[in-house]
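**Q** Following is a predicted model, sequence given first.
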Amino acid sequence: MDVFVRQNDSLWYYSQLFKVNYQLIIDSNSRIDPLALIIGQQIKVPGFTTTGYKIKRGDSLWAIAKSHNLSLDAIFLVNPKLNPNALHVGQTISVPLRITWRLIQGNQEYDYGTMVTDVRRLKSIYPFIKTSPIGDSVLGKNIPEVMIGNGGKRVHYNGSFHANEWITTPVIMTFLNDYLLSVTNQTDIRGMSLLPFYQQTMLSIVPMVNPDGVDLVLKGAPADETLRGRLVEWNNGSEDFSGWKANINGVDLNDQFPAKWELEQARNNVTKPGPANYSGEGPLTQPEAIAMAELTRKRDFNRVLAFHTQGEVIYWGFEDMEPPESETIVNEFARVSGYEPVKSANSYAGYKDWYIQDWRRPGFTLELGKGTNPLPISQFDEIYQKSLGIFLAGLYM
């Protein structure tokens, strides 16, 4: 929601007026000097939008403000030209509306376009988050990163490395939405205030590493006949791509990292592109994997969590290179989720394998839900409730 600076206004005043944390307002207006506001300057107030209200007979601004749990001055701020002595029946004024509900509808087939729209909507309501592409997919789709918080502890979550594990994306996006609701409305999640996490932690989220693959699973092959023919051939002649894990080049993105890549290639023994388990011609040959590697180097994360499906297990080790604290953290993840901690998946070349190998810091692969991929969307609520504790513990541990 935008307001415009008047004489003697301050960001601190807006914080008190709208009951929004002062730091969130500062972070929502990062290009503005809070000590040198200019009359008429546009200021973003996070966690709010405006709605139209049509004046009825007998209305007063005071009564309207009271019925909406607002101060009278909040009404004036979003109606700078309003004359309170000249209201007339049928006139429409703007009224600040606090967002107290989820914008994300996670319980649906969640393709790339839906994610991009949702990231944009969250950014418009919560302008203190930062969004930028980390790179492009094979087909040129931007792969967005969302960052929330400004603390020194750097934590990373990602989803949909594997195309038919797309349900991880709406699960992550729903947590992001709940986090934003909590910090702007100063409400708890499972008895925990998230404002301290915002102040202590920078959380990086890449909700969909493999957008081309996700759209292939959910929407079928692209219209381009050459590409369609190639994909059908790689898919053993089938136009049913529901079991497809790879990117659009038929390469498994979670077998693309330089952590004993040659051993994983030999273990899989898949020598050509296809729906699963082809490691590519070498490590970090696919743009999505390259983007994730470059992001990880750039951000220098303290820990990473890669969300996959299925099995309700958490893999937390790699070749005994993980630090001792990894076991403490994974035991807390297990406690809050009911998932089983497993030290090794007896595989190589995964994102968390590479992270543990190169940084010697805690990295985790979390296998959400149970069943056959792609998991049915009917499992969404159960998966979210079980994983919510992990999302929170990833911040406080």
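**A** Right, received. Where do you want to start? Residues are numbered from 1 along each chain as shown.

**Q** For residue 350, grab the count of nearby residues.
**A** When neighbours are counted by other Cβ atoms under 10 Å, residue 350 registers 25. From N, CA and C alone the C-beta is placed, and that goes for glycine too.

**Q** and what of residue 222?
**A** For residue 222, using other Cβ under 10 Å, the count is 15.

**Q** Spit out the contact partners of it.
**A** Taking Cβ atoms under 8 Å, 6 or more residues apart in numbering, we find residue 222 in contact with 139, 216, 228, 231.

**Q** And what about it, helix, strand or coil?
**A** Here residue 222 takes the coil state, with states given by DSSP: H, G, I helix; E, B strand; the rest coil.

**Q** Then the one 5 residues further on?
**A** Under the three-state scheme (three-state DSSP), the conformation of residue 227 reads as helix.

**Q** Pull the contacting residues for it.
**A** Residue 227 sits in contact with 221, 248, where contact means Cβ under 8 Å, 6+ apart.

**Q** Residue 73 now?
**A** Residues counted as contacts of residue 73 (Cβ under 8 Å, 6+ apart) are residue 17.

**Q** quick one: it from residue 63, how far?
**A** Applying Cβ to Cβ, to the nearest Å, the value for residue 73 to residue 63 is 15 Å.

**Q** Which helix or which strand is home to residue 209?
**A** Residue 209 is part of no helix or strand, with elements assigned from DSSP states H and E.

**Q** Look up the closest residue to it, ignoring the ones flanking it.
**A** Once flanking residues are discounted, residue 209 sits nearest to residue 161: 4.8 Å by Cβ to Cβ, 6 or more residues apart in numbering.

**Q** Check residue 76 too.
**A** residue 82 (6.6 Å).

**Q** All the helices of the stretch 251-397 of the chain, in order from the start?
**A** Along the stretch 251-397 of the chain, the segments classed as helices by DSSP state H, counting those that start in this stretch run 261-268, 287-299, 325-337, 351-359, 380-396.

**Q** Quick one: mean pLDDT over stretch 192-202.
**A** Summarised as a single mean, pLDDT over stretch 192-202 is 96.

**Q** tell me which residues in it are buried?
**A** 194, 195, 197, 198, 201, 202 (16 or more other Cβ atoms under 10 Å).

**Q** From residue 378, how far out is the residue nearest to residue 76?
**A** Taken as Cβ to Cβ, the span from residue 82 to residue 378 is 49 Å.

**Q** can you check residue 138 too?
**A** For residue 138 relative to residue 378 (Cβ to Cβ), the value is 31 Å.

**Q** These two: which is more packed in?
**A** residue 138 (17 against 8).

**Q** Mind telling me what element the nearest residue in space to that one that is not next to it in sequence is part of?
**A** What sits nearest to residue 138 in space, not counting adjacent residues and going by Cβ to Cβ, 6+ apart, is residue 248, at 4.8 Å. Using DSSP H and E, residue 248 falls within no helix or strand.

**Q** correct me, but residue 248 touches residue 216?
**A** Yes - under the criterion of Cβ atoms under 8 Å, residue 248 makes contact with residue 216 at 6.4 Å.

**Q** between those two, what contacts are shared?
**A** residue 231.

**Q** pLDDT at residue 169, what is it?
**A** So, for residue 169, pLDDT stands at 98.

**Q** typo on my end, it should be residue 346
**A** For residue 346, the predicted pLDDT is 89.

**Q** Do you have the strands of the stretch 1-150 of the chain handy? List them.
**A** 2-4, 42-44, 48-54, 92-98, 130-136, 142-148 (DSSP state E, counting those that start in this stretch).

**Q** Most tightly packed of these?
**A** By mean neighbour count, with neighbours taken as mean count of other Cβ atoms under 10 Å, strand 142-148 ranks first of the strands of the stretch 1-150 of the chain at a mean of 20.

**Q** Paired strands for that strand, with orientation please.
**A** strand 130-136 (antiparallel), strand 201-206 (antiparallel) (DSSP bridges).

**Q** now for these, which one comes closest to residue 156?
**A** strand 201-206 (4.5 Å; Cβ to Cβ).

**Q** mean confidence for the helix or strand just after the closest one?
**A** Using DSSP H and E, the next helix or strand after strand 201-206 towards the C-terminus is helix 211-219. Helix 211-219 shows a mean pLDDT of 98 in the predicted model.

**Q** Number the residues from 438 up from this point.
**A** Happy to do that; since the first residue is 438 now, the last one works out to helix 648-656.

**Q** Check what contacts helix 648-656 and list those residues.
**A** By Cβ under 8 Å, 6+ apart, helix 648-656 touches 546-549, 552, 574-576, 578, 580, 597, 599-601, 603, 606, 645, 659, 668, 678-679, 681-685, 690, 811.

**Q** are any of these buried, and which?
**A** 547-549, 552, 574-576, 578, 580, 597, 599-601, 603, 606, 645, 668, 678, 681-685, 690, 811.

**Q** Tell me how many other residues crowd residue 501.
**A** Other residues close to residue 501 by other Cβ under 10 Å number 18.

**Q** Surely it is in contact with residue 531?
**A** No - Residue 501 lies out of contact with residue 531 (Cβ under 8 Å); the separation is 10.9 Å.

**Q** who touches both of those two?
**A** With Cβ under 8 Å, 6+ apart as the test, residue 501 and residue 531 both reach residue 490.

**Q** and residue 753, what is it in contact with?
**A** Counted by Cβ under 8 Å, 6+ apart, residue 753 has contacts 759, 763, 764, 766, 767, 778, 779, 780, 799, 800, 801, 802.

**Q** sorry, that was for residue 559
**A** 540, 541, 566, 583, 613, 614, 617.

**Q** Over to residue 567?
**A** 583, 584, 585.

**Q** quick one on the thing from earlier: greatest separation within the contacts of residue 659: which pair is it?
**A** Longest span within the contacts of residue 659, Cβ to Cβ: 576 and 665, 12.6 Å.

**Q** if we can go back for a sec, could you dump the contacts of residue 567 to JSON lines with pLDDT and distance to residue 443?
**A** Output for the contacts of residue 567, formatted as JSON lines (pLDDT from 0 to 100; distance: Cβ to Cβ, whole Å):
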{"residue": "583", "pLDDT": "98", "distance to residue 443": "33"}
{"residue": "584", "pLDDT": "98", "distance to residue 443": "32"}
{"residue": "585", "pLDDT": "98", "distance to residue 443": "30"}
